[in-house]
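Colleague: Predicted model, plus sequence, below.
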Amino acid sequence: MAAGERIRSFIAVVVPPEAAGKLRAAQERLKEMDGSVKWVKPDGFHITLKFLGGVERPRLDALWRTVGAAVVDSPRFVMRFRGIGAFPSRARPRVVWAGVTDGAAELVGVAERVERACQEHGFERENRPFRPHLTLGRAREATPNPRLGQGMAELAELELGEALVDRVVLMRSELTREGAIYHQLEQVMLSGEGEADGREKHGEQVGGEDAGP
């Protein structure tokens, strides 16, 4: 990596592949209704806690130390997924998402800890309230899409499985023609598990079809 290069990065919790079966099945049903949406690959399923943008590595390392200290004593919890929706609406979907029921309050709490840690390093606080959701796909524009909207309405109350949240991860997002590829840079295990200081480094890669975090 060249000196001074900025890393397009974000902080998230991830959904392990073994917990993504029902989410994947719902996504496949929606794919049949619209081929123009860029769908996130299942091994890239995650919930973004804070999008950082392009950050130089020294600043990113310092930030991560603060984030790790802020979240390491958070308890582990289970998040459950239910229902398919969209921003700004199912009638004009721009972002297709799976909702979070159980665990939503805990996600908000962890996101708030991350937000405060980022503020200490000069990152602006997000103006909009944090709304836990898992992005399944993104459309280029929020235009009327009756067929996809109907498909989402049919899945509005569907139970979509659960996943254990036992870590917070720092991700790098690499944009390609095929979509974004996600590389896990760091992780902190919740409740102080993992290495002695609660932090571990990783270089594994996960993939996605969306251009954002």
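Modeller: Structure's in. What do you need?
Colleague: Tell me the bridge partners for Ser9.
Modeller: According to DSSP bridges, the partner residues bridging Ser9 are Gly53, Arg172.
Colleague: For it, list the residues it contacts.
Modeller: Ser9 is in contact with 52-55, 60, 170-173, 185, counting by Cβ atoms under 8 Å, 6 or more residues apart in numbering. C-beta: built from backbone N, CA, C; applies to glycine.
Colleague: Buried members of these into PyMOL, please.
Modeller: To isolate in PyMOL the members of those that are buried, counting by 16 or more other Cβ atoms under 10 Å, one can use:
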select buried, resi 52+55+60+170+171+172+173+185
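Colleague: I'd say Val78 and Val100 touch.
Modeller: No - with contact defined as Cβ atoms under 8 Å, Val78 does not count as touching Val100 (10.7 Å).
Colleague: coming back round to it: let me have the contacts of Ser9 in TSV, adding distance to Gly83 and pLDDT as columns.
Modeller: Shown next, in TSV, are the contacts of Ser9 (distance: Cβ to Cβ, whole Å; pLDDT from 0 to 100):
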residue	distance to Gly83	pLDDT
Leu52	29	97
Gly53	30	96
Gly54	34	96
Val55	34	97
Leu60	35	97
Leu170	29	98
Met171	25	97
Arg172	30	96
Ser173	26	91
Leu185	32	96
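Colleague: Specify which member of the contacts of Ser9 is nearest to Ala12.
Modeller: Among these, Met171 lies closest to Ala12 (Cβ to Cβ), at 5.7 Å.
Colleague: what pLDDT does the nearest residue to Lys31 once chain neighbours are set aside get?
Modeller: Take Lys31 and drop its neighbours on the chain: the residue closest to it by Cβ to Cβ, 6 or more residues apart in numbering is Trp39, 6.1 Å away. Per-residue pLDDT puts Trp39 at 91.
Colleague: Before I go, just wanted to say thanks for your time.
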